[in-house]
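S.K.: okay, sequence plus prediction incoming.
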Amino acid sequence: MRDGAEIRRLRKIQRLSQEGLAKLVGVSRSAVYDWERNAYSPEGENLINLAKSLNVSAAYLMGETDTTDMQKETENPPIKIDYSLSRGKIISVPVIDKAFAACCGGGFTNPEYAERMVMEYIDMPSGFLGAISPDPDKLPFIIYAEGDSMIYAGIFDGAMLIINPIEPVLDGDTALVEYESPPGTMSVAAKRVYWLDHGGIEIRSACGDNWKRSYGTDEIKTGSLRIIGKVMWSGNKPKKG
């Protein structure tokens with residue numbers, strides 16, 4: 001996380017007072033004062049709003065990139081993969097239409113329909129995909145992420161996620177899940193998965209906002225929570241090196 005001196009520097013570049021920045025972020029002036037003197041660091045929604053107010057990305061404030069230009073980061077330059085050096089086979093992976101992006105937040109509804117909406121195929125080395133199922137309904141696929149609630153897991157708004165339905169999801173892994181919340185509404189989102197005692201499962205966001213939902217074995221059996229697949233990789237659209 002960038003220190004308070006950098007937050008103060010960025011605030012002055014935007015010609016904002018502590019009170020002015022506080023209004024934009026939606027916090028008290030004392031909170032901005034505490035951030036700038038390193039009493040504590042902004043988290044969750046405050047971190048995202050602070051980044052927007054200072055015209056930088058949340059990734060920059062967290063120290064994950066040295067690029068301060070927000071526009072350059074949102075252009076999503078493609079990741080180069082040297083296919084000639086990749087192990088295994090090259091496999092065409094279906095990409096789900098952006099209209100059904102896996103919300104890193106509340107999620108989208110009607111996942112069965114979304115899983116049939118393929119917009120293109122991208123060739124990926126099998127080493128990125130994990131185990132390949134002989135069942136055509138359980139092959140890896142790619143879905144876009146939408147939102148910032150998984151930024152601490154390295155998943156940013158607009159990233160592509162490779163999902164593998166047959167790879168085991170271990171405690172703390174990120175997975176694409178279908179869950180019921182509120183009652184009667186099913187949503188799909190990328191979340192961290194934690195296994196509870198007696199077979200229960202807890203899903204959590206990864207942005208410091210403390211969002212989490214827990215499901216017991218009976219709820220899982222009745223379909224209130226379903227793990228669609230493990231997130232094997234996240235990034236921008238790759239191109240051949």
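M.R.: Everything's here; your move. Given the structure is predicted, the values throughout are model-derived calculations rather than measurements. Numbers count the residues shown, from 1 in each chain.
S.K.: low-scoring stretches of this protein, by residue?
M.R.: Scanning the chain for pLDDT under 70 picks out the ranges 64, 67-88, 99-116, 238-241.
S.K.: how about the strands in it?
M.R.: With strands called from DSSP state E, the chain shows them at 80-81, 90-96, 102-103, 118-125, 141-146, 160-164, 174-180, 186-195, 201-204, 212-215, 225-235, 239-240.
S.K.: for residue 176, which non-adjacent residue is closest in space?
M.R.: residue 228 (4.3 Å; Cβ to Cβ, 6 or more residues apart in numbering). Quick note: C-beta positions are derived from backbone N, CA and C, even for glycine.
S.K.: just give me the neighbour total for the one you found.
M.R.: Other residues near residue 228 number 19, with proximity taken as other Cβ atoms under 10 Å.
S.K.: if we can go back for a sec, now for the strands of the chain, which one comes closest to residue 50?
M.R.: Among those, strand 141-146 comes nearest to residue 50, with 20.6 Å by Cβ to Cβ.
S.K.: now the helices for this structure?
M.R.: For the chain, the helices defined by DSSP state H occupy 4-13, 18-25, 29-36, 44-53, 58-61, 70-74, 111-114, 217-221.
S.K.: hang on, the earlier thing: turn the strands of the chain into TSV, including distance to residue 31.
M.R.: Listed next are the strands of the chain as TSV, based on distance: least, Cβ to Cβ, whole Å:
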stretch	distance to residue 31
strand 80-81	41
strand 90-96	39
strand 102-103	28
strand 118-125	42
strand 141-146	28
strand 160-164	33
strand 174-180	30
strand 186-195	27
strand 201-204	24
strand 212-215	24
strand 225-235	31
strand 239-240	42
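S.K.: nearest to residue 60, of those strands?
M.R.: Nearest to residue 60, of the strands of the chain and by Cβ to Cβ, is strand 225-235 at 17.8 Å.
S.K.: relative orientation of the closest one and strand 118-125 in degrees?
M.R.: Following axes from the mean of the first three to the mean of the last three Cα atoms, to 10 degrees, one obtains 60 degrees for the angle between strand 225-235 and strand 118-125.
S.K.: check contacts around residue 177.
M.R.: Residue 177 sits next to 188-191, 193, 203, 225-228 when contact means Cβ atoms under 8 Å, 6 or more residues apart in numbering.
S.K.: mind listing the residues bridging to it?
M.R.: residue 189, residue 227 (DSSP bridges).
S.K.: how close does it get to residue 137?
M.R.: 18 Å (Cβ to Cβ, to the nearest Å).
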